[in-house]
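Trainee: mind looking at a prediction? Sequence and model below.
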Amino acid sequence: MPISTTPKTAKASSDGPGGNSRLGLALFVIAAAQLMVVLDSTIMNIALPNIQSDLDVSSSSLAWTVNAYALAFGGLLLLGGRVGDLFGRRRVFRTGIAAFTLASLLGGLAPNEGLLIAARVIQGVSAAIAAPAALSLVATTFPEGKPRNTAMGVYAGMAGIGSTVGLLLGGVLTSYLDWRWVFFINIPIGLAVLAGTRVLSDGDRHRGRLDVPGAITGTAGLVALVYAIVRGGESGWTDALTIGSGTAAAVLLAAFVAIQARTSNPMMPLRLWKDRNRAGSYTTMLFVGAGMFATFYFLTLYMQQILGYSPIKTGLAYLPFSLGMAMAAGVSSKLVARFAPRTVIAPGLVIATGGMVWMHMLTPTSGFATALMPAMFITAFGLGVTFVPLTLGAVSGVTDQDTGISSALLNAAQQIGGALGLAVLTTISTNAADARLPRAAESFYNALATRELGLVHKAGAALTHGYTTAFLVAAALFVGGLVITLITINARKQQTDGTGPVTPDTSMDAVEAVRQPERTGVGGF
């Protein structure tokens, strides 16, 4: 059934005496929602041992309490983004947050592994609906220029630090309360977000039908791709199910692209990829996500296994990472108004690469203050600088009807990159460790159980070599993102007179933005 349109504007939300306060509240709502969605990608990690012992979960099922979320989230992002464009972003956003909150309650009350995994699937589906809508609402609520740049800075900061906040909260809640609070913590956040959604501007709703064949092939293809990546990391890349899932993903995604080229109402308009700056932003985010999420995983293992940190100490040790990301996002939101995107992204990736190379030099006896903390801060600062221009690049110049799907593509690039990076780097790390000591991880745990200190040190050194090898490969991924940035992203700095839309001078969509101008607005926070 065609969707009727009800034009709305972002200008109303910023005009008048209370305009600034409304924008501030809107920013808080979107930031809180993004934080809640992103932190759930990692908040479970530190609680896994407690969950396993409390619910008597098998090792294979335990992995799926994490993977189920990633699979549903990554697989349904494109569908979630398009649904928001067609049925109203604020309505879809509310639906996603409400479902996420209820799923968190179900997870916290789960008496067995079946309901726990089901709750994680529902959380992932809900996040796939809410996340693209959140970024779209930045574009429809905040007028272009300083207000939108500031909002993008906060949004990008939440996207970056959410994972480290998840590790911090996971450690604190598990140590001082109970693992169930890694779910319950979402309930007050979700209720606060729902209460504040009235200040968000919905933007225009657009006529069109949901591309059902595209939705089926695209969603199934992404689910198969994410599953193949996860399966490959666990069971090997020559595993029959890994190969089968990968082949199915290739066939389904090829069919999806063919359908998008022919249908009149595509779920993912191929025109989004025609602008080199936008395509470059998506691809660079894929590389950044691959390196960043793998870094969290190996850092956590290094701190807990090699340095002997407790869950709470591990969580607190991530504070420099969160601080660096938050500081950089604030700086970057100002830089994007003065410099071309490439001029901001490239130095950020160089800095992040330097931090990863520093992590590559960690040893089993490295100190936190002298080695780990500065390396984490530098890496985080570099990554934080890149997130704002990449996020702006993904939605800049996009017509209002495509804001949701463009946002979904950026989120999907980060999630799929993260899953792929973790799977590949896990294999590399394991092989590097086993080259130093066969079955290094098994030897390490056996030595701890039998208190063979000599073997503990030897196995620990082998594991550390594996982790630091992964850090070096992550640095190479950031270099790959840097090369893509330099080749593809050539937009000049934003041009604005303070009353009209900001457009990247070299974007092909700038022409479309002139033909169909977006809302205008003045003022700031």
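Mentor: Received the coordinates, thanks.
Trainee: any idea whether the nearest residue to residue 422 once chain neighbours are set aside is helix, strand or coil?
Mentor: Nearest-residue entry for residue 422: residue 294, 4.8 Å, with adjacent residues in sequence omitted and distances by Cβ to Cβ, 6 or more residues apart in numbering. No exception for glycine: its C-beta is placed from N, CA and C like everyone else's. Recorded secondary structure, residue 294: helix (DSSP: H, G, I helix; E, B strand; the rest coil).
Trainee: surely residue 178 is in a helix?
Mentor: No - going by three-state DSSP, the assignment for residue 178 is coil, not a helix.
Trainee: need the pLDDT of it.
Mentor: Looking at residue 178, its pLDDT is 84.
Trainee: could you count how many residues lie near it?
Mentor: 14 (other Cβ atoms under 10 Å).
Trainee: and for the one 4 residues further on?
Mentor: Residue 182 has 28 neighbours, counted by other Cβ under 10 Å.
Trainee: packing partners for the helix or strand containing it?
Mentor: Following DSSP states H and E, the helix or strand that holds residue 182 is helix 181-184. When contacts are defined as 3 or more Cβ pairs under 8 Å, 6 or more residues apart in numbering; DSSP states H and E, helix 181-184 packs onto helix 89-109, helix 146-176.
Trainee: tabulate those (CSV), appending mean neighbour count and distance to residue 375.
Mentor: Formatted as CSV, the helices and strands packed on helix 181-184 follow (neighbours: other Cβ atoms under 10 Å; distance: least, Cβ to Cβ, whole Å):
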stretch, mean neighbour count, distance to residue 375
helix 89-109, 21, 33
helix 146-176, 24, 14
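Trainee: select, out of these, the one closest to residue 65.
Mentor: Closest to residue 65 of the helices and strands packed on helix 181-184 is helix 89-109 (Cβ to Cβ; 8.9 Å).
Trainee: so for the following helix or strand past that closest one, mean pLDDT?
Mentor: Counting by DSSP H and E, the next helix or strand C-terminal to helix 89-109 is helix 113-141. Across helix 113-141, pLDDT averages out at 84.
Trainee: then stretch 199-214?
Mentor: 66.
Trainee: start the count at 9 instead of 1 going forward.
Mentor: Noted, 9 is the first residue going forward, which turns the last one into stretch 207-222.
Trainee: start and end of that stretch, how far apart?
Mentor: 33 Å (Cα to Cα, to the nearest Å).
Trainee: so for residue 301, what's the pLDDT?
Mentor: Here the pLDDT value assigned to residue 301 is 78.
Trainee: ignore what I typed, I meant residue 290.
Mentor: pLDDT, residue 290: 88.
Trainee: measure the closest residue to it other than its chain neighbours to residue 449 for me?
Mentor: Nearest non-adjacent residue to residue 290, counting by Cβ to Cβ, 6+ apart: residue 421, 4.8 Å away. Residue 421 is 31 Å from residue 449, where distance means Cβ to Cβ, to the nearest Å.
Trainee: correct me, but residue 381 touches residue 331?
Mentor: No - contact criterion Cβ atoms under 8 Å: residue 381 and residue 331 do not qualify, at 10.0 Å.
Trainee: so residue 374 sits in a helix?
Mentor: No - remark: residue 374 does not belong to a helix; assigned using three-state DSSP, it is coil.
Trainee: return the residues in contact with the residue nearest to residue 430.
Mentor: For residue 302, the contacting residues are 426, 429-430, 433-434, 478, 482, by Cβ atoms under 8 Å, 6 or more residues apart in numbering.
Trainee: repeat that with 6 Å
Mentor: 429-430, 433, 482 (Cβ atoms under 6 Å, 6 or more residues apart in numbering).
Trainee: if we can go back for a sec, reformat the helices and strands packed on helix 189-192 as a markdown table; add distance to residue 456.
Mentor: As requested, the helices and strands packed on helix 189-192 are arranged in a markdown table below (distance: least, Cβ to Cβ, whole Å):
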| stretch | distance to residue 456 |
| --- | --- |
| helix 97-117 | 31 |
| helix 154-184 | 20 |
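Trainee: weakest of these in terms of mean pLDDT?
Mentor: The bottom spot among the helices and strands packed on helix 189-192, by mean pLDDT, belongs to helix 154-184, with a mean of 74.
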